[in-house]
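In: Here's my sequence, what's the structure:
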Amino acid sequence: MEIKNICFDLASVPATAGYEDAVVLKLKSYIEKHMPCYTDRLGNLIGTIGEGELHILLDAHIDQVGLVVRGIDDKGFLLIDKIGSADIRTLTGAEVTVHANKELFGVICSVPPHLQSGDGKADINISTMAVDIGFSKAEVEKLVKIGDRITLRNFQYELLGNNISSSAFDDRCCAAVIIGVLDLIKDKLKNVKLSVSFSTQEEVGCRGAGAAAFALKPDYAVVLDVGFGDDPYTDKASTIALGKGPSIGISPVLDKNFTDEITDIAERKGIPYQHDVMGARTGTDADVISNSCAGVKTALISVPLRYMHTANEIINIDDVINTVKLVAEIISEKERQSNA
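Out: Sure, this is the predicted structure:
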């Protein structure tokens with residue numbers, strides 16, 4: 001299956017932080033072709049191949065942001081809260097799926113501007129939002145319980161210029177990258193041990209990756225996540241361009257020598273790349289992996305993504321392909337170094 005279809009396939013599975021079981025099952029169908037794998041106590045999907053002394057970890061998180069039912073009002077509307085940092089500016093009027101006893105269609109309530117007080121600008125606050133599923137309170141209570149999760153309806157599209165759109169590309173497109181890398185290098189490892197971690201609960205504090213890294217104790221880690229893609233309204237210095245290759249992160253949290261080595265590999269192999277500079281933490285699994293156990297030499301590679309944490313995230317498939325190439329070259333370089 002080509003990488004674009006894998007991205008769409010993985011992103012089609014609703015799996016908010018703490019509820020990743022369904023996407024783990026989907027991923028197993030891909031990963032078991034390459035390596036034995038298992039789930040740990042936090043639900044991370046982990047696999048390892050190779051028996052070399054040098055141990056490399058590839059990590060991508062598999063949870064997505066979403067919503068959770070926190071109450072049912074007297075008219076049957078669902079009161080909600082966020083799971084992770086869903087962009088509440090985009091929620092009013094959005095179509096959602098309530099994952100209750102059965103999947104239920106709903107719409108997040110939106111007050112028409114004609115009825116809003118003041119200057120017509122609504123006070124956007126998750127505590128005042130609700131979901132309308134069209135039932136009375138008595139009917140709702142038969143179907144929905146407190147704690148049921150809610151996801152934005154997922155509409156997947158191919159756009160112009162090799163761009164594609166879906167919810168949950170953060171970070172399922174990077175899970176697809178790891179699958180692509182395994183396709184390229186699985187039979188070439190003699191001096192390197194390679195582990196993969198499809199980690200849980202990143203959107204609520206990078207919880208899964210810390211546990212996985214602690215158990216695996218790698219020497220090096222490449223964390224794969226999405227970065228802030230450029231659009232007409234963002235500062236170009238704070239974003240990365242779609243279609244111009246993956247971004248190699250620069251941060252005090254990340255190992256400078258490993259980062260420089262990856263940049264050199266991209267240069268030598270003619271793989272397009274960008275840099276994303278962070279003055280402190282990265283906000284990704286790299287933060288918890290890098291200081292796990294006695295420390296891990298960690299790098300961050302990001303796929304540019306527009307409209308993060310919305311129902312319509314956009315990536316460029318060429319960036320995904322070039323990320324696969326770069327990560328495969330990183331592993332091949334470590335294989336050569338270990339054989340020297």
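In: Going by neighbour count, list what's buried in the top helix by length along the chain.
Out: Identified as the longest helix of the chain according to DSSP state H is helix 317-339. Neighbour counts over helix 317-339 (16 or more other CB atoms under 10 Å) mark 317-335 as buried. Where you see a C-beta, it was placed from the backbone N, CA and C, and this is true even at glycine.
In: Let me know how buried residue 280 is, in neighbour terms.
Out: 9 (other CB atoms under 10 Å).
In: again with the one 5 residues further on
Out: Here the count is done by other CB under 10 Å, and residue 285 has 28 residues near it.
In: Next: residue 205.
Out: Applying other CB under 10 Å, we find 13 residues neighbouring residue 205.
In: pLDDT score assigned to it?
Out: Residue 205 is assigned 92 on the pLDDT scale.
In: Please export the C-alpha coordinates of stretch 197-209 as PDB.
Out: Extracted C-alpha coordinates of stretch 197-209, given in PDB (Å, rounded to 0.1, in the frame of the first residue of the first chain):
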ATOM      1  CA  SER A 197       7.300   2.900  19.800                       C
ATOM      2  CA  PHE A 198       3.800   4.000  18.700                       C
ATOM      3  CA  SER A 199       3.200   5.900  21.900                       C
ATOM      4  CA  THR A 200       0.000   6.800  23.700                       C
ATOM      5  CA  GLN A 201      -1.200   9.900  25.600                       C
ATOM      6  CA  GLU A 202       1.200  12.400  24.000                       C
ATOM      7  CA  GLU A 203      -1.600  15.000  23.800                       C
ATOM      8  CA  VAL A 204      -2.000  15.000  27.500                       C
ATOM      9  CA  GLY A 205       1.600  15.200  28.600                       C
ATOM     10  CA  CYS A 206       3.800  12.800  26.600                       C
ATOM     11  CA  ARG A 207       3.000  10.000  29.100                       C
ATOM     12  CA  GLY A 208       3.400   6.900  26.900                       C
ATOM     13  CA  ALA A 209       6.700   7.700  25.300                       C
END
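In: what residues are up against residue 70?
Out: 79, 80, 81, 146 (CB atoms under 8 Å, 6 or more residues apart in numbering).
In: Doesn't it lie inside a strand?
Out: Yes: the assignment for residue 70 is a strand, going by DSSP: H, G, I helix; E, B strand; the rest coil.
In: follow-up on the earlier one: any idea which of the contacts of residue 70 is the one closest to residue 182?
Out: residue 81 (37.0 Å; CB to CB).
In: Could you list every helix and strand in contact with the helix or strand containing the closest one?
Out: Under the criterion of DSSP states H and E, residue 81 resides in strand 78-83. Counting contacts by 3 or more CB pairs under 8 Å, 6 or more residues apart in numbering; DSSP states H and E, strand 78-83 packs against strand 66-72, strand 130-132, strand 149-152.
In: what's in contact with that strand?
Out: 16-18, 65-73, 88, 98, 106, 108, 126-127, 129-133, 140, 144, 149-150, 203-204.
In: PyMOL command for the buried members of those residues?
Out: Selecting only the buried entries of the contacts of strand 78-83 in PyMOL, with 16+ other CB under 10 Å as the criterion:
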select buried, resi 16+17+18+65+66+67+68+69+72+88+98+106+108+129+130+131+132+133+140+144+149+150+203+204
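In: okay, now residue 230: neighbour count?
Out: By other CB under 10 Å, 18 other residues sit near residue 230.
In: I'd like the distance between the spatially closest residue to it that is not a sequence neighbour and residue 130.
Out: In this structure, residue 230 finds its nearest non-sequential neighbour in residue 239, 4.1 Å apart by CB to CB, 6 or more residues apart in numbering. Residue 239 is 33 Å from residue 130, where distance means CB to CB, to the nearest Å.
In: Angles on the backbone of residue 175, please.
Out: phi -60, psi -40 (degrees, to the nearest 10).
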